[in-house]
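> coords please:
(one chain, ligands or ions: 1)
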Amino acid sequence: MSRLLASCACACLLLAGCERHMHDMYRQPRYDRDEASALFPDGRADRPAPAGAVPVAAGTLAATSSGRAGRDLPTQWQVAKDSAQLPAITSTLLARGQERYGIYCLPCHSPVGDGDGPVVRRGFPRPPSYHEQRLRDAPDRHFYDVISKGYGIMHSYGDRVAPADRWAIVAYIRALQLSQNASAAQLPPAVRAKLSDGPGGKR
Ligand code: HEC
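Numbers count the residues shown, from 1 in each chain. This next block holds a predicted model:
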């Protein structure tokens with residue numbers, strides 16, 4: 001019996017040592033922000049940020065593509081919630097949306113939004129076409145959210161596309177959808193006239 005007790009005590013001691021060792025690994029020596037150090041003449045361990053520097057974990061660019069969310073992310077969602085609508089459509093907004101779309105979305109979603117972009121042609125899984133009925137019926141907000149948070153295997157563009165630009169892209173996607181699904185009645189009269197006088201004759 002006493003031998004059993006002794007081996008139990010021994011095991012406990014060993015485990016305690018192990019636990020302590022693990023804690024040492026958790027608590028490795030490191031400097032925290034603004035901690036004192038003799039390393040630099042100003043006595044601080046970290047260097048002051050350059051003027052105008054924005055921490056990645058703050059502000060509208062808080063979410064990172066790796067899925068780590070910045071501590072200001074809830075604020076960002078709130079801002080997004082408060083601006084839950086497309087702003088008024090202007091040609092400036094559409095031009096900005098087209099430019100940003102060309103940079104961030106076109107590589108997969110293609111110039112017309114059918115999901116046949118150059119990256120997909122090289123083997124990336126094909127996204128659904130924006131011209132599917134489901135996505136034509138989806139609210140503007142859905143597109144905004146997909147850009148902000150990602151969707152399925154598509155990762156978030158929240159760290160690269162600021163909220164105002166997300167709306168500009170949504171406006172441009174709406175224009176793309178219209179471009180592939182407009183009825184003749186939706187065209188301005190001058191364009192409609194050209195349609196019926198076109199080489200194909202009256203339609
Ligand atoms: C690297 C390729 C890639 C890029 C770049 C990309 N996407 Fe996607 N996107 C995908 C894939 C793949 C899916 C399908 C994801 C899934 O269903 O798992 C998708 C899905 C979507 C959907 C459909 C969501 C639904 O309800 O089915 C929307 C909307 C969308 N992307 C918008 C965008 C916008 C806007 C941009 C640019 C800011 C963008 N994507 C950039 C690959 C990409």
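
> Give me the below-cutoff pLDDT ranges for the chain.
When residues are selected by pLDDT under 70, those of the chain lie in 1-26, 54-84, 196-203.

> Look through it and state the residue closest to the ligand.
residue 152 (2.0 Å; Cβ to the nearest ligand atom). C-beta: built from backbone N, CA, C; applies to glycine.

> Would you mind naming what in this protein lies close to the ligand?
For the chain, the residues in contact with the ligand (Cβ under 6 Å from any ligand atom) are 104-105, 107-109, 119, 124-125, 127-128, 143, 146-147, 151-154, 157, 161, 169.

> Swap in 5 Å and give it another go.
Within the chain, the positions near the ligand by Cβ under 5 Å from any ligand atom are 104-105, 107-108, 125, 127-128, 143, 146-147, 151-154, 157.

> Out of those residues, which end up buried?
Among those, those scoring as buried are 104, 105, 108, 127, 143, 146, 147, 154, 157 (criterion: 16 or more other Cβ atoms under 10 Å).

> residues in contact with the second one?
For residue 105, the contact set (Cβ atoms under 8 Å, 6 or more residues apart in numbering) comprises 169, 173.

> re the thing from before, what about the residues of the chain next to the ligand, which are in helices?
Here DSSP state H is the test, and these give 104, 107, 108, 143, 146, 147 as lying in helices.

> Mind telling me the two of those farthest from one another?
107 and 143 (16.9 Å; Cβ to Cβ).
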